[in-house]
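sequence and predicted structure are below.
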Amino acid sequence: MPWNGVKSHDGRPIPSIAFGTWKLGNGVGVVNQVVQGAEVGIRHLDTAQAYRNEVEVGQAVQRILRENGLKRDDLFITTKWSALKGLGISESIEQSLENLGVSYVDLYLIHHPRLPVPDAASAWKEMEKVYRKGYARSIGVSNFGVEELNQVVDSAGIRPVILLHPYVYEQQLPILQYARDHDIIIEAYSVLMPLTRYTDGPLDAVLANICENHQREGAEITKDQILLAWTKHKLDDFGGVVVTTSSQRERLEGYMRAGQLCLSKEEIASIDQAGLAGKEQFAPKKQRRLKRGVW
């Protein structure tokens, strides 16, 4: 497979490209999109209480298992405790398992550091209970910063995994370094934001130039593939995972091929420089919290 899996601290494999369901809403369209993602080879499915589509993801899982000859262990399912309707961690995981139609999830996350009451350390103890009951094979955090991660790291008996937003790469270096020091796996989300939201920036010309150079050499690549390949390159040192999505099968197939795309050092450097040039215009004034963690 072009997207090689990464291993958590306990040796469990995590598929390194995931189909994300954030902003997809609910309904039969979500089911079809998740199934389509599996059909092109994506085995990691990402949802959350707050996305309100766990039921649809569960329906998709049953179709995937029925129609594609896969077993439950062939899929990696992530969901998150979002404190929806005021439910605590223990009640929420049971509801999520029912919604998803499975007996366990592969990864269960605290969705945001504002959720734990009275504090993150206490919530983490509840997460460890979920782990010990076998409801989640790994547990982690989402949107935690370095300071908040320290609260969990100091009290945890199981270790977490975090997300990286690639467009603010320079701002995220502290959390990358923290992750390296604590054996934390990085997951990257909103990788394609420079193409979907932050357009007309310094990256536009750089990505277009890289596409043109590859076309002259006889290879057809797209800007989204370049961004995915750039992110994969950055995460290789950490054992990273990319979360992305699309309703178009052709795009998903392109995302899978991006795992085989090797960018030159010069191309990586040009993307880095364009990112720095656009950080004042597009990066948040305040360092964004990173999403996701697994211990």
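Received, thanks.

enumerate every residue touching the residue lying closest to residue 6 once chain neighbours are set aside.
Spatial nearest neighbour of residue 6, chain neighbours left out: residue 239 (3.8 Å); criterion: CB to CB, 6 or more residues apart in numbering. The way it works is simple: take the backbone N, C-alpha and C, and place the C-beta from them, glycine included. Applying CB atoms under 8 Å, 6 or more residues apart in numbering to residue 239 gives the contacts 6-7, 185-186.

before we move on, what about residue 50?
80, 82, 84, 111.

now those residues as CSV including neighbour count?
Listed next are these as CSV, based on neighbours: other CB atoms under 10 Å:
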residue, neighbour count
80, 29
82, 20
84, 17
111, 22
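
those residues in helices, which ones?
Among the contacts of residue 50, DSSP state H puts none in helices.

want to throw those into CSV with pLDDT?
Converted to CSV, the contacts of residue 50 look like this (pLDDT from 0 to 100):
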residue, pLDDT
80, 96
82, 96
84, 93
111, 92
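
of those residues, closest to residue 65?
residue 80 (22.4 Å; CB to CB).

OK, contacts around that closest one?
47-50, 108-111, 142.

show me where the protein has strands.
6-7, 13-14, 17-20, 44-46, 76-81, 107-110, 139-141, 162-164, 186-188, 241-244 (DSSP state E).

point out the other helices and strands that the third one packs with.
Contacts defined by 3 or more CB pairs under 8 Å, 6 or more residues apart in numbering; DSSP states H and E place strand 17-20 against helix 28-39, strand 44-46, strand 241-244, helix 249-258.

paired strands for it, with orientation please.
strand 44-46 (parallel), strand 241-244 (parallel) (DSSP bridges).

lowest average pLDDT across the ones you listed?
Mean pLDDT is lowest for strand 241-244 among the strands paired with strand 17-20, at a mean of 91.

same question for stretch 135-143, mean pLDDT?
According to the model, stretch 135-143 has a mean pLDDT of 90.

just the endpoints, please. Distance across that stretch?
By CA to CA, to the nearest Å, the extent of stretch 135-143 from end to end equals 22 Å.

closest to the centroid, which residue in this structure?
Nearest to the mean C-alpha position of the chain, by CA atoms, centre = their mean, lies residue 243 at 3.5 Å.

right, and that residue touches residue 186 too?
No - contact criterion CB atoms under 8 Å: residue 243 and residue 186 do not qualify, at 11.1 Å.

what comes up buried for stretch 121-141?
The neighbour-count check on stretch 121-141 (16 or more other CB atoms under 10 Å) flags 123-124, 126-128, 130-131, 135-141 as buried.

if I look at the residue of the chain positioned farthest from its centre, how far off is residue 209?
The C-alpha centroid of the chain is most remote from residue 216, which lies 33.0 Å away (CA atoms, centre = their mean). Look at residue 216 and residue 209: by CB to CB, to the nearest Å, they are 11 Å apart.

got it, and residue 254?
Using CB to CB, residue 254 is found at 19 Å from residue 209.
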